[in-house]
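*Asks:* quick one, fold the following:
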Amino acid sequence: MVHYSYLAMPGLPEGIVPIVMTMPAVAQNFVVAESFDEFLGVGYRVGWFALKQITSHATEAEVYSAAEFK
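*Replies:* Here you go, the predicted structure:
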């Protein structure tokens, strides 16, 4: 099971509302997007199901996102 939520914190620049993916089964949280618009874009490009793979392929996901979104 996967849950998505947003992190609203005072002091963040306008437009920055991090989207957090929570996976209770593995007791981990991941920030998957900087804003709701970016989250929608990620889902549009690769589908939100692919985000679940972050837990088993964290290093590869980090390398991919660093290269893809420079």
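
*Asks:* span of stretch 24-44 from start to end?
*Replies:* 24 Å (C-alpha to C-alpha, to the nearest Å).

*Asks:* pLDDT of it, averaged?
*Replies:* Averaged across stretch 24-44, pLDDT comes to 87.

*Asks:* now do the buried residues in it.
*Replies:* Residues of stretch 24-44 classed as buried by neighbour count (16 or more other C-beta atoms under 10 Å): 30, 32-34, 38-39, 42-43. Where you see a C-beta, it was placed from the backbone N, CA and C, and this is true even at glycine.

*Asks:* do stretch 9-25 as well
*Replies:* Across stretch 9-25, burial judged by 16+ other C-beta under 10 Å covers 17-19, 21, 23.

*Asks:* will you turn those into CSV that also has secondary structure and distance to Val2?
*Replies:* Converted to CSV, these look like this (DSSP: H, G, I helix; E, B strand; the rest coil; distance: C-beta to C-beta, whole Å):
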residue, secondary structure, distance to Val2
Val17, coil, 19
Pro18, coil, 16
Ile19, strand, 12
Met21, strand, 6
Met23, strand, 6
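
*Asks:* and the strands in the protein?
*Replies:* Taking DSSP state E as the test, the strands found in the chain are 3-6, 19-23, 28-33.

*Asks:* what about the closest residue to Tyr6 other than its chain neighbours, distance to His3?
*Replies:* In this structure, Tyr6 finds its nearest non-sequential neighbour in Val17, 5.0 Å apart by C-beta to C-beta, 6 or more residues apart in numbering. Separation of Val17 from His3 (C-beta to C-beta, to the nearest Å) stands at 16 Å.

*Asks:* same check, this time on Gly43
*Replies:* Distance of Gly43 to His3, given as C-beta to C-beta: 15 Å.

*Asks:* any idea which residue is closest to the centre of the chain?
*Replies:* In the chain, the centroid-proximal residue (C-alpha atoms, centre = their mean) is Val32; its distance is 0.9 Å.

*Asks:* for that one, give me its contacts.
*Replies:* Taking C-beta atoms under 8 Å, 6 or more residues apart in numbering, we find Val32 in contact with 4, 19-21, 39, 42, 51, 54.
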